[in-house]
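J.: Let's see this in three dimensions:
(chains A and B)
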Number of protein chains: 2
Amino acid sequence: MSASTYIHGVAMTPFGRHIGVQAPELAQQAIFGALEDAQADLSDIDAIYCSNVFGGMILGQVIVRDLGLKGIPVYNVENACASGATAVHLARHALMAGQYRRVLVFGIEQLTQLGGGTIPLQLNDDKTALYARSGMVLPAVYAMRGTRFIHEGRGTTADLAAIAVKNRFNGTLNPYAQQRSEVTAEQVLASRMVADPLTLLQCCPSQVDGAAALVLGTSPAAHHGKPVQILASIVQSGMAEEARDDILDAEITARAARLAYEAAGVSPADVGVVELHDAFTIAELLYYEALGLAAEGEGAALLGSGATKLGGRVPVNPSGGLLAKGHPLGATGVAQMVEVVWQLQGRAGGRQSGSPKIGLTQCTGGGIAGVDHAASSVHLLGI
Amino acid sequence: MSASTYIHGVAMTPFGRHIGVQAPELAQQAIFGALEDAQADLSDIDAIYCSNVFGGMILGQVIVRDLGLKGIPVYNVENACASGATAVHLARHALMAGQYRRVLVFGIEQLTQLGGGTIPLQLNDDKTALYARSGMVLPAVYAMRGTRFIHEGRGTTADLAAIAVKNRFNGTLNPYAQQRSEVTAEQVLASRMVADPLTLLQCCPSQVDGAAALVLGTSPAAHHGKPVQILASIVQSGMAEEARDDILDAEITARAARLAYEAAGVSPADVGVVELHDAFTIAELLYYEALGLAAEGEGAALLGSGATKLGGRVPVNPSGGLLAKGHPLGATGVAQMVEVVWQLQGRAGGRQSGSPKIGLTQCTGGGIAGVDHAASSVHLLGI
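T.: Purely as a prediction, here's the structure:
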């Protein structure tokens, strides 16, 4: 049988505007933090996986250049917003194949270097460019989902606002979050309209830099209490939701989640903490259902029950999620796992929520501007 | 034990100026070619690895968007000029881990879209930018190696020219090569000086587009005669040669080769065909030694013996190499394996050289503009 995969150590930088800080310096904060957390040295690391979208050629090698590492493999992985989860997924393959005993995975993104507005689109072909010129950028895509969601009576603008209120409250308890101000539903709904029905406070900040890192290994790590194991690691691609007949059908995520539950031999009811891809408020409501946390059409009811708040049955985005923490693309998927590890090991400080035994991370990539073949990744971590 | 990895099918587009052809169309030529060569359908493919440097976010998903694939994982891999070999390497990990039975790896690059001159540098940090502003672009780096090589008496300008003559002759026999004109040593030396001692005909063309694809699987494929197995797949990083005390010490490549021979249980003398990274003529001479094909200081003598010509003991770059074929970064490492598979299976047409049983591919990435932590990959394929 293939080797199991354990998370030996985790760390992240605060997400925020790290103006003037260069990629190696930012990444090394997370890298050395994760190594220290794993009680490991660089010399214990057999290979490095770098997750990044916009940082340029062989960014991983540039970053480890000054670390004094001697010649181990460095792999650069990109899968849009799902890059970090994909890097973990590929690292796990190598561990399972017996190629390495311990590897480092880090994600980094410096979006403040790219200027303001919607994240620059890299238009690979005419079809993609056509969608972009038509205005089909991500806020618009998610706004259509929100409009349809409300039209079908599956929720209200108040439900959307409640997601922002919940996650931004969680962010006030997270020193790593970019936005740490509590907001009310009234403030959320009164903030500037970005794409109806999504107001500014319902959109994740994209003017943000950050890095996160994990040390993964094939043996259980004995520190920090019980070792955290990766129970399932799934990456799937497919037609993005906006290209489907039903724009509310988060099919790729639902498929990835089903495969993850099967691989781990657990059910959604076993999950005690979730970090999911709340790039916009509507996304979290849709993913409640796609991940099986709520039955179809019951996402808003799950939210209303309080189950997904801190202290609830299954807290979702205790870190504050993308909405409060910010979304530095390459770092996001790794940082989700950092938070879930902290929650599983009781190390989440003021936002620790119960004693979960199984945590789930989910992120999506693509679905932008007509790139209707997008990615979704679901990981299950257990203690 | 981990599963073995076999190459079921291979294909590539002609390398050249594919002006107005978009990435999906170009890539699909190679993808469908490899599938046909493997006698496989898209539905037989469990996952896709896309190798690319400059094509933008989730290029793999963009390319497979129109293929009708339903949801399988797509991974985008980047390691500069070593991207293609790295994608194969990561795909092999997944096959060895038992995650997939059959996967598709393709590489693509469209450098004509980027304008002329040296390939655009993406400057991740000040250190990299400093080197670039100092003129330490790749032709300059290789020129310094060439100058030192001659200064140490290890070879002459005639030896450098002879590499270009050999590889460009091979290219005349390869319908997939961009440059298919035979040249004389006099023409090589009389061509425009790019960076002394490297003249234009000693530099690989970078105004080139192309794609190449492989189908890999865990079972031997019965068609095309004997199945080709990946005997060893090594990726290493390290300090690029120009940052070392001895700029002629291709240490990363030597280390990768040593590990590859160990993993495969073979010696350099067993290798019957080689595709290596002759981005500039001097590189091939240095890699003769780094790969163990010649003893230290004996690279030029190996060349002079004729052993590396078509029909020689160990033909090197029978395809024409980067010098004749062109160097579309993400596609190069995959295309090297396409040629070696053709040679091993006796399918190389007019440039078939004997009946080799073991072939080697080598490519390097990085070492550009101060990115002194670069990559090198060595694969051994056997029949």
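
J.: So residue A:364 lies in a strand, does it not?
T.: Yes - per DSSP: H, G, I helix; E, B strand; the rest coil, residue A:364 lies within a strand segment.

J.: Confirm for me that it is in contact with residue A:255.
T.: No - the pair residue A:364 / residue A:255 is not scored as a contact, 11.9 Å apart, by C-beta atoms under 8 Å. Glycine gets a C-beta too; all of them are placed from N, C-alpha and C.

J.: Comparing the two, which residue is more hemmed in?
T.: More crowded of residue A:364 and residue A:255, by other C-beta atoms under 10 Å in any protein chain shown: residue A:364, with 29 against 19.

J.: Residue of the stretch 201-350 of chain A nearest chain B, please.
T.: Nearest residue of the stretch 201-350 of chain A to chain B (C-beta to the nearest C-beta) works out as residue A:238 at 3.9 Å.

J.: sec struct for that residue, please.
T.: The local conformation at residue A:238, judged by three-state DSSP, is strand.

J.: and it, bridged to which residues?
T.: Listed by DSSP bridges, the beta-bridge partners for residue A:238 are residue A:374.

J.: quick one: pLDDT of it?
T.: On pLDDT, residue A:238 comes in at 79.

J.: From residue A:277, how far out is it?
T.: Here residue A:238 is placed at a distance of 15 Å from residue A:277 (C-beta to C-beta, to the nearest Å).

J.: rewinding a little: hey, what's in contact with both of residue A:364 and residue A:255?
T.: Common contacts of residue A:364 and residue A:255 (C-beta atoms under 8 Å, 6 or more residues apart in numbering or on different chains): residue A:376.

J.: just the helices in the stretch 101-250 of chain A please.
T.: Using DSSP state H, counting those that start in this stretch, the helices found in the stretch 101-250 of chain A span residues A:126-133, A:138-151, A:157-172, A:185-190.

J.: if we can go back for a sec, out of residue A:238 and residue A:277, which sits in the busier spot?
T.: Under the criterion of other C-beta under 10 Å, the comparison of residue A:238 against residue A:277 puts residue A:277 first, with 28 against 25.

J.: who's in contact with that one?
T.: Counted by C-beta under 8 Å, 6+ apart, residue A:277 has contacts A:81, A:283, A:287, A:322, A:332, A:362, A:363, A:364.

J.: Now the phi/psi pair for it, please.
T.: phi -90, psi 80 (degrees, to the nearest 10).

J.: The one 10 residues further on too?
T.: Dihedral angles of residue A:287 (phi, psi; degrees, to the nearest 10) stand at phi -80, psi -30.

J.: thinking it is in contact with residue A:250, fair?
T.: Yes - using C-beta under 8 Å, residue A:287 makes contact with residue A:250 at a distance of 6.1 Å.

J.: helix/strand/coil for residue A:78?
T.: strand.

J.: bridging residues for it?
T.: Taking DSSP bridges, one obtains residue B:76 as the residues bridged to residue A:78.

J.: Report pLDDT for it.
T.: pLDDT, residue A:78: 95.

J.: Assess the claim that it and residue B:57 are in contact.
T.: Yes - shown here, residue A:78 and residue B:57 form a contact pair, counting by C-beta under 8 Å, at 6.8 Å.

J.: any shared contact partners between these two?
T.: The contact lists of residue A:78 and residue B:57 share residue A:53, where a contact means C-beta under 8 Å, 6+ apart.

J.: contacting residues for the spatially most central residue of chain A?
T.: Central residue of chain A (C-alpha atoms, centre = their mean): residue A:333, 3.5 Å from the mean position. Going by C-beta under 8 Å, 6+ apart, residue A:333 touches A:51, A:81-88, A:107, A:361, A:363, A:377.

J.: Narrow those residues to those in strands?
T.: Within the contacts of residue A:333, residues falling in strands by DSSP state E are A:51, A:107, A:361, A:363, A:377.

J.: now, which of these sits nearest chain B?
T.: The closest of the ones in strands among the contacts of residue A:333, once distances to chain B are taken by C-beta to the nearest C-beta, is residue A:377, at 8.9 Å.

J.: these two touch, right, that closest one and residue A:362?
T.: Yes - the criterion here is C-beta under 8 Å, and residue A:377 meets it with residue A:362 at 6.9 Å.

J.: and those two? which has more neighbours close in?
T.: Set residue A:377 next to residue A:362 and count neighbours by other C-beta under 10 Å: residue A:377 wins out with 32 against 29.

J.: show me where chain A has strands.
T.: Using DSSP E, strands in chain A cover A:6-12, A:47-51, A:74-78, A:102-110, A:193-195, A:198-199, A:209-217, A:228-239, A:273-275, A:358-365, A:373-382.

J.: so can I have a markdown table of the ones you listed showing distance to residue A:351?
T.: As requested, those are arranged in a markdown table below (distance: least, C-beta to C-beta, whole Å):
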| stretch | distance to residue A:351 |
| --- | --- |
| strand A:6-12 | 14 |
| strand A:47-51 | 24 |
| strand A:74-78 | 29 |
| strand A:102-110 | 21 |
| strand A:193-195 | 27 |
| strand A:198-199 | 25 |
| strand A:209-217 | 17 |
| strand A:228-239 | 18 |
| strand A:273-275 | 11 |
| strand A:358-365 | 14 |
| strand A:373-382 | 17 |
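
J.: Quick check: which of the ones you listed is nearest to residue B:291?
T.: strand A:74-78 (21.2 Å; C-beta to C-beta).
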